[in-house]
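Chemist: need the 3D shape of this:
(chains A, B and C)
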Amino acid sequence: MDIILGYFLYGMSLLTVGGIYALLALGLNVQWGFAGLFNAGIAGFAAIGAYTYAILTTAESKFHYGGLELPLLVGDVMAMVLAGVIAGVIGLICIRLRADYLAIATIGIAEIIKLVLKNESDITNGPRGINKIPRTWEHFSEERFYSSFPLNVINSSDSWQMFFESIARWWWQPFFAGTIILIVLFTYVLLEKLRTSPWGRMMTAIRENEMAAAAAGKDVTRRRIEAFILGALIMGLAGAFLGQHLRLIEPTQTFDPSKMTFLVWVMLIAGGSGNNKGAILGAFLIWFIWSSSELVTNGMIEILASIFDSVDISILKNRAGFIRMLFIGLLLQIILQRFPKGILPEKRPAVSGKI
Amino acid sequence: MIKKLIMSVLILFGFSTVTNADVKIGNPMARTGPIPELVKPMSAAVDLAVEHVNDQGGLFSDGQKYIAVKVDSACDPVAAVDAVTKLVNIEVVTGIVGPVCSGATIAQAESVSIPAGVVTLSVSASSPAISEMESNTDLVFRTAASDAYQGIALAELAMSKGLKEIAVSYANDDYNAAIAGVFTKAFTSMGGKITGNEAHEPNKASYRSEVNTLGAGSNNLALFAYYGSSGITIMRNAMETGAFENFIGADGMLAQEVIDQLGAENLGNVTFTTSASDSSTDAFKSWKKHADAANVPASDPFVPNSYDAAFLMALAIEKAGSADRSKIAAALREVANGPGEKIFPGEWKKAKEIIASGGSIDYVGAAGPQDFDKNGDVAGLFSKNTVVDGKWKSVVIK
Amino acid sequence: MWESFGFEFINFYFIPGLVLGCIYALGAIGITLTFGILRFANFSHGEIMMTSSYLTWEFIMIFTSLGILAHPLIGAIPASICAILLALFVDRFFYKPFRNAPTIMIVIASFGMMLIIRSMVQVIWGPNQLTFVKGIAKPNAYIRDLTASFDFMLLIPNKHFSILIGTVLIMLLFNYLLSSTKIGKGMRAVSDNPDLAKVSGIDVENIIKATWIVGGFCAAAAGVFLAMDTQFIESTMGFRMLLPMFAAAILGGIGRPFGAVAGGLIIGLAEELSAYPWLGDGPVISPGYKSGVAFSIMVLMLIIKPSGLFKGKVF
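Modeler: Next up, the predicted model:
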């Protein structure tokens, strides 16, 4: 029974993190898949979202600025808004740069954002990060939430405390994972609507042939900035949920570009850029491979050890983490060369009416 | 193809969960990431403790095997949370021994192990924030002392060396920024003067301009960095240009690598503190004997602490009488704090017999007495380390 | 005058900045060449740099075990050959399939190569730092005494002297290659206009090979110089240098090798001088922001003048 519950909870955690990555991949899909904007600063937008959420919602702490204790929903919304605003500023000055240049500029900007988060330690607690970030659903079992609105209307603090002590400790996990999945689905539906709307078709036109689109009287720069901001909004929300999932965020390792930005790109390319379903599928698939590959590489080393019991495998064991990175890199190359369009290639929206 | 892949993954999952009659603990450590060098001997110390338990009768009356499942926490909250999620849910571990870095420790505890009710016994997380982290859950312990103590010890050391003015340079990461903050405060309150206090960005190729700007104010440098990511480069740059003469620092800098790279002849005025064990105690002598036999560096930073953590966890499980997670915290306090028969490192058989006969024990560890206070912290002893004959020689600060 | 202002500034800020700049410059040459000729930002360039310093270390170890005491620059010769072979190998199997695909594919492929090469090195040599050269490099006594007699004391350790001289030599060689050889002219032609170059009978694949050879060699030189300066090697050293090198390439103008050199020197100097106490006693910008200096210059340049200082290309 324990084992089944364990797999269930691990599955919940896979869904949670997979969902967060799916949001990041959807955001990137708006920027890259729809508008052809090569954003290599995903980690920066996620960091803005996560820090905004954390500072707005955490209880007072002597380590960082805060104590605002705003409702979690306000934190989520503000995380989106701030990421969007910053994307707007970046978009205004950088959007005319072509693919690789925009990539390098956004990497640079993401690094600057991280440096600011790291150095302005009065606000962000610097490299030590912010902890005790309230997690949606789980937060209800914290005293500061069940003793205040809205829960205190329903019942008294004491009975809430009794209630939370009586139910299983993991009660919130399916709810948290479910919330994220719902948000992913909602975003998906929204983006699908958008993709087949005139706006979405115009984006495709701009991506495929900018000059023709401009000649047809479309405001190319404006549309691209819109796509950039929309993508960043989604990434900011993903960042807020990442902060909730981890409950501690710090600038250096949490938002490491090779694990954050790069992984999301792998997800989108593997799933199929331009295809929202592909972005979601890619995110879950790659995260599943990424997370389980630790068990797999360890298992493989054990198998190797049992076959060649004379060989000293301690070196391999110490370096298992790097072997795992190697596999992920190779996997990406195979996907790129064999399935350049991804598992689910882009489907152009059907053209309605006259051409 | 995908179906096949999932199948093969599931088979491999099965591989890691077949051993039901054993007791597993999780051992997340930063095997990749910024400090793999520091972690290697720590991991070996955990192995040694596991070996002692299994060689001397295993756990419980039927001699179950004690297994430490090793995963990589990479000093990274994301990796640590993912790794510990797997440990807690898939491997169904009884407790967690690790992780190494404070950020990873806090993240995995708040996100996974506290909600799941699993005890975390960290081996080296020294951030003062950990003491204040949990609210009455009593699930996070550590066998290493908080930086709050080491920073003060280092300030006292600086004073006793007659360094009244000092420049501070610290790597902008969670560990070094925290200890530099404590040091600066303590040093000023003791009447010392900080001539310059600058963060530096780790992993740069050159720090010459930083050390020279800081060096204009003082000849003494308090350096808080990991030797691997910036410490050695800063010391080299400072020595090349003669910006500083005296160096003090904390355990991030303490490694043979520093001597190997910079040369013992250049390290005459260098003193680093580390959380240490009083080598005159019987407990340490017992540890030293076992460690030497197993070729584990007995006095390296956090190595005795790692042994203590893994051994204490086994004692707590034995005391609790089953692998039930919910009983570990209370049992841990009992076996660590006593009162009872003193147990030294390596004395698993003795401890097991006493517990079996219903007696109580008090583990006295390699790194110190290992008595947990109400926050799950232990008091620390520190040593000052200087270079003698090409090796670090440590003297415990009384 | 010299004692009161120049001595510290030149010896402790300017020369170190110049040395760092030389390393950036050599790395940026490879980036700007691949950017100009193959038209993509090569993220794996830093890893070629890093790998060649590991190979140099390995060759020094082999030489030492044969009883020959070798200077790093000797070990660098076989290492740079290996680095060139590595660059060609990567191009053949991982970049060539994307020659006619959208740029993004090859950029992501290079991003993947970055991970692959780095984890290979970590699997082979382990994640630990390796000592490249032991000890502390003291200033060259001859130069010190000579310049002191002119009241102009310079403190340059031998390693820095070798790096500065080595960079100048490579630059001269490179200048000769670009301006006076057939292959160099071909490279310039392809960089300026690949279609025109193709129809005028230039074998573009050969030019691409030549680009990897030159870029690989410069990366190897940069890697070895970096290792000589820091005196240790470790597996993330390439990635750390990557963004400043991109910054240098962009600052100088893409496809302009000498622009990249100028860009490298400017970025190197800017990073080191950012901690100079221009006002008062402390550094103007907190050294915690040191790497931000290079990024800011890069982003500013991209916004103000994407073609760089020397009229590079903008795709």
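
Chemist: worst-scoring helix or strand of the chain, pLDDT-wise?
Modeler: The chain I'm using is chain A. Ranking every helix and strand in chain A by mean pLDDT, DSSP states H and E puts helix A:314-318 at the bottom, with a mean of 67.

Chemist: and the stretch 201-350 of chain A, which of its residues are near chain B?
Modeler: By Cβ under 8 Å from any Cβ of the partner chain, the residues of the stretch 201-350 of chain A that approach chain B are A:242, A:245-250, A:252-254, A:256, A:259, A:285, A:291-292, A:294-296, A:298-300, A:302-303, A:317-318, A:320-322. C-betas here are computed from N, CA, C, even on glycine.

Chemist: could you redo the last one with a cut-off of 6 Å?
Modeler: A:246-248, A:250, A:253-254, A:291-292, A:295-296, A:299, A:321 (Cβ under 6 Å from any Cβ of the partner chain).

Chemist: of the residues you listed, which pair is most distant in space?
Modeler: A:250 and A:299 (31.0 Å; Cβ to Cβ).

Chemist: the two: which is more packed in?
Modeler: residue A:250 (29 against 18; other Cβ atoms under 10 Å in any protein chain shown).

Chemist: the more buried one touches residue B:104, doesn't it?
Modeler: No - taking contacts as Cβ atoms under 6 Å, residue A:250 lies outside contact range of residue B:104: 9.6 Å.

Chemist: nearest to residue A:221 among the residues of the stretch 201-350 of chain A next to chain B?
Modeler: Using Cβ to Cβ, those come closest to residue A:221 at residue A:254, 33.1 Å.

Chemist: contacting residues around that closest one?
Modeler: B:77-78 (Cβ atoms under 6 Å, 6 or more residues apart in numbering or on different chains).

Chemist: so what pLDDT did it get?
Modeler: Note on residue A:254: pLDDT of 86.

Chemist: could you pull up the residues touching the residue nearest the centre of chain B?
Modeler: Geometric centre of chain B, nearest residue: residue B:124, 1.9 Å, by Cα atoms, centre = their mean. With contact taken as Cβ under 6 Å, 6+ apart, residue B:124 is in contact with B:100, B:144, B:302.

Chemist: poorly predicted segments of the chain, please.
Modeler: You didn't pick a chain, so chain A it is. By pLDDT under 70, the weakly predicted segments of chain A are A:1, A:99, A:308-315, A:317-318, A:349-355.

Chemist: my bad, chain B
Modeler: B:1-21, B:134-136, B:398.

Chemist: what residues does it put near chain A?
Modeler: So chain B meets chain A at B:9, B:12-13, B:15-16, B:31-32, B:72, B:76-78, B:81-82, B:85, B:89-90, B:92, B:103, B:106-107, B:110-111, B:115, B:117, B:172-174, B:177-178 (Cβ under 6 Å from any Cβ).

Chemist: residue B:375 and residue B:177: what is the separation?
Modeler: Note on residue B:375: its distance to residue B:177, by Cβ to Cβ, to the nearest Å, is 21 Å.

Chemist: next: residue B:372.
Modeler: Residue B:372 sits 26 Å away from residue B:177, going by Cβ to Cβ.

Chemist: repeat for residue A:241
Modeler: Distance from residue A:241 to residue B:177, by Cβ to Cβ: 27 Å.

Chemist: more crowded one of the two?
Modeler: Using other Cβ under 10 Å, the more surrounded residue of residue A:241 and residue B:177 is residue A:241, with 27 against 21.

Chemist: can you tell me the SS state at residue B:141?
Modeler: Three-state assignment for residue B:141 (DSSP: H, G, I helix; E, B strand; the rest coil): strand.

Chemist: list the contacts of it.
Modeler: B:121, B:372, B:376.

Chemist: and chain A, which residues reach chain C?
Modeler: So far as Cβ under 6 Å from any Cβ goes, chain A lies against chain C at A:93, A:97-101, A:104-105, A:108, A:111-112, A:115, A:119, A:262, A:319, A:322-323, A:325-326, A:329, A:332-333, A:336-337.

Chemist: just the buried ones from these, in PyMOL syntax?
Modeler: Remark: buried members of the residues of chain A next to chain C, expressed as a PyMOL selection using 16 or more other Cβ atoms under 10 Å in any protein chain shown:
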select buried, chain A and resi 97+99+100+101+104+105+108+111+112+115+119+262+319+322+323+325+326+329+332+333+336
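
Chemist: all strands of the stretch 51-200 of chain C, in order?
Modeler: For the stretch 51-200 of chain C, the strands defined by DSSP state E, counting those that start in this stretch occupy C:130-131.

Chemist: could you point out which residue ranges in it have low pLDDT?
Modeler: Using pLDDT under 70, nothing in the stretch 51-200 of chain C is flagged.

Chemist: now do the contacts for residue C:269.
Modeler: C:17, C:21.

Chemist: just the contacts of residue B:141 now: which is nearest chain C?
Modeler: residue B:121 (25.3 Å; Cβ to the nearest Cβ).

Chemist: could you report the separation of whichever residue of the stretch 251-398 of chain B sits closest to chain C from residue B:269?
Modeler: Per Cβ to the nearest Cβ, residue B:263 is where the stretch 251-398 of chain B lies closest to chain C, at 4.2 Å. Taking Cβ to Cβ as the measure, residue B:263 falls 14 Å from residue B:269.

Chemist: now residue C:185
Modeler: Applying Cβ to Cβ to residue C:185 and residue B:269 gives a distance of 58 Å.

Chemist: residue B:343 too?
Modeler: To residue B:269, residue B:343 is 41 Å away according to Cβ to Cβ.

Chemist: what's the helix or strand for the nearest residue to residue B:138 once chain neighbours are set aside?
Modeler: Nearest non-adjacent residue to residue B:138, counting by Cβ to Cβ, 6 or more residues apart in numbering or on different chains: residue B:329, 5.1 Å away. Residue B:329 belongs to helix B:328-337 when assigned by DSSP states H and E.

Chemist: do the same with residue B:104
Modeler: helix B:102-108.

Chemist: tell me where the stretch 201-350 of chain B has strands.
Modeler: Using DSSP E, counting those that start in this stretch, strands in the stretch 201-350 of chain B cover B:220-224, B:246-249, B:270-276, B:341-343.

Chemist: could you dump those into CSV with mean neighbour count added?
Modeler: Putting the strands of the stretch 201-350 of chain B into CSV (neighbours: other Cβ atoms under 10 Å in any protein chain shown) gives the following:
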stretch, mean neighbour count
strand B:220-224, 28
strand B:246-249, 23
strand B:270-276, 25
strand B:341-343, 19
